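Participant: build the 3D model from these lines:
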Amino acid sequence: MSKFWSRRRAEAFCEESRKFGITPFVYEADIYCLKKGWKTEEPLTGIVEWLCRLPKPVGIMAPEDNLAFQVIEACKLAELAVPEKVSVLGVHNDPVLCRLSDPPLSSIALNAERAEFQAAQMLDKMMKWQALSTRAIVIEHAIIVIRRSTDFYAISDALVVQAIHFIRSNSDRILQVQEVVQLFAISRRTLEQRFKNSIKRSIYQEIQSNRAKYIANY
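Facilitator: Numbers count the residues shown, from 1 in each chain. Okay, the predicted model is just below:
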């Protein structure tokens, strides 16, 4: 990315990833070009190709929410399920953009108010001709607001993953357990057992949980 702060975020993300033995991958692009054409598929082509080359499952952190939004759109073009195959995390926690995203975008909320207070203190000292201990103000993270783009489990049962993806994709309506069962050529009892083995919940409980999250985020 061409912006200084986005590159610093990428460097910090890579540094922390390596501490945990994780190999980071960085997508380099012109951030202004991506913003200019975010409503079209053309600027997403490079992201799609890059996503397809990555090992799966994978987690992606974008330097800001609107770019994370584009990653999710690129995942749709690449037919990569979010968050089952690709988990996506943004920065700034823009409430409108995060909720418009499908699925809703998880994001890092920054403590901008503290930075603004520190800037005001610095300005006050400068106006009084007082010496400054530092001229750098760091906007620290406050919390990670978890939404569906990262809210998933490490599930090895591909059939359960597919069922949960269907449940989450239909959480905007009242879903019946039998609708989930009919997706597969197995009995309800078998699917229920596989759910309990994988996530310790029944199909109905998973439907209710996702329905509640949808209503809370609406």
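Participant: quick one: the helices in the protein?
Facilitator: With DSSP state H as the criterion, the chain has helices at 4-19, 31-36, 45-53, 65-77, 95-100, 112-127, 158-169, 177-181, 188-199, 203-217.
Participant: for those, which one sits closest to residue 89?
Facilitator: helix 65-77 (6.6 Å; C-beta to C-beta). Any C-beta I mention is one placed from the backbone N, CA and C, and that applies to glycine too.
Participant: by mean pLDDT, flag the weakest helix or strand of this protein.
Facilitator: Across the helices and strands of the chain, mean confidence by mean pLDDT, DSSP states H and E is lowest for helix 31-36: a mean of 52.
Participant: between the helices of the chain, which one is nearest to residue 149?
Facilitator: helix 65-77 (6.4 Å).
Participant: low-confidence ranges, the protein, go.
Facilitator: When residues are selected by pLDDT under 70, those of the chain lie in 1-3, 30-43, 111-118, 134-142, 152-154, 217-218.
Participant: how is this protein divided into domains?
Facilitator: Annotated domains of the chain cover 4-109+140-145, 158-217 [automatic domain parsing].
Participant: make a markdown table out of those and add mean neighbour count and distance to residue 127.
Facilitator: Output for the domains of the chain, formatted as a markdown table (neighbours: other C-beta atoms under 10 Å; distance: least, C-beta to C-beta, whole Å):
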| stretch | mean neighbour count | distance to residue 127 |
| --- | --- | --- |
| domain 4-109+140-145 | 16 | 25 |
| domain 158-217 | 15 | 44 |
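Participant: let me have those domains in CSV, extended by distance to residue 131.
Facilitator: Output for these, formatted as CSV (distance: least, C-beta to C-beta, whole Å):
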stretch, distance to residue 131
domain 4-109+140-145, 24
domain 158-217, 48
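Participant: which one of the ones you listed lies nearest to residue 125?
Facilitator: Of all those, it is domain 4-109+140-145 that lies closest to residue 125, at 20.7 Å by C-beta to C-beta.
Participant: what is the end-to-end distance of the closest one?
Facilitator: End-to-end distance for domain 4-109+140-145, by C-alpha to C-alpha, to the nearest Å: 24 Å.
Participant: related to what we said a few turns ago, how about TSV for the helices of the chain, with distance to residue 106 added?
Facilitator: Formatted as TSV, those follow (distance: least, C-beta to C-beta, whole Å):
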stretch	distance to residue 106
helix 4-19	15
helix 31-36	20
helix 45-53	17
helix 65-77	8
helix 95-100	8
helix 112-127	18
helix 158-169	14
helix 177-181	25
helix 188-199	19
helix 203-217	11
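Participant: for those, which one sits closest to residue 85?
Facilitator: Closest to residue 85 of the helices of the chain is helix 65-77 (C-beta to C-beta; 7.6 Å).
Participant: isn't residue 192 up against residue 206?
Facilitator: No: here residue 192 does not reach residue 206: they are 10.5 Å apart, not a contact under C-beta atoms under 8 Å.
Participant: hmm, residue 151 is touching residue 106, no?
Facilitator: Yes: between residue 151 and residue 106 there is a contact at 7.1 Å, judged by C-beta under 8 Å.
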